[in-house]
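[1] with the input below, show me the fold.
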Amino acid sequence: MVSSPVVNTYPLSSYTFGTKEPKMEKDTSVADRLARMKVNYMKEGMRTSVEAILLVQEHNHPHILLLQIGNTFCKLPGGRLKPGENEIEGLKRKLTSKLGANSPALVPDWQIGECVAIWWRPNFETIMYPYCPPHITKPKRYGPVISTIPQQLSRFRFNMIST
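    Take a look at the predicted model:
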């Protein structure tokens, strides 16, 4: 019998939060965003994106922390990697830029766990797949799938640490 990996979660009260200047969405609509992504894909080809699932506990239950973009849009922290960049180092860079303090003296020591999922988008549409369809030779890979995180995390056991 294979045991499930254990993830330690700590109370939300164990963390200190500050604020950063808000970043507004680059596009005014989903259609504009997809058009911009298509242009970038034609120029740069397929780029890998990484996103972090940050877990905390509240009321003895795991919660996922999301970034709020603008007034209504929420997303996982992360983004596109530089060409040839390692996923772990790229994720640490993205987390530091999006969540780290505005002081070069305070560099976070991010602890990166295992990959939870890989998703593929064969076209510039809203449909994403947990596999690359066999008839697709040049997939477009980007974007979070927040609604599937509970299913992806169901293979883990959570150890609720109290402080």
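[2] pretty sure Val7 contacts Met160?
    No: the pair formed by Val7 and Met160 falls short of the contact definition of C-beta atoms under 8 Å, at 10.1 Å. Every C-beta, even on glycine, is put in place using the N, C-alpha and C of the backbone.
[3] neighbour count for those two, which is higher?
    Here Val7 and Met160 are set side by side on neighbour count (other C-beta atoms under 10 Å), and the busier one is Val7, at 15 against 12.
[4] what residues are up against that one?
    Under the criterion of C-beta atoms under 8 Å, 6 or more residues apart in numbering, the contact list for Val7 reads 55, 113, 153, 156-159.
[5] bridge partners for it, pull those for me.
    Residues found in beta-bridge contact with Val7 (criterion: DSSP bridges) are Phe158.
[6] for it, give its distance to Glu25.
    In this structure, Val7 lies at 31 Å from Glu25, with C-beta to C-beta, to the nearest Å as the measure.
[7] could you pull up the mean pLDDT of the lengthiest helix in the chain?
    Looking across the chain with DSSP state H, the single longest helix is helix 30-44. pLDDT averaged over helix 30-44 equals 83, rounded to a whole number.
[8] quick check, distance from it to the centre of its chain.
    Relative to the mean C-alpha coordinate of its chain, helix 30-44 is positioned 20 Å out (C-alpha atoms, centre = their mean, to the nearest Å).
[9] now do stretch 95-111
    The gap between where stretch 95-111 is centred and where its chain is centred comes out at 16 Å by C-alpha atoms, centre = their mean.
[10] list the buried residues in it.
    Within stretch 95-111, the residues that qualify as buried are 95, 99-100, 110, counting by 16 or more other C-beta atoms under 10 Å.
[11] likewise stretch 11-28?
    For stretch 11-28, the neighbour count (16+ other C-beta under 10 Å) marks no residue as buried.
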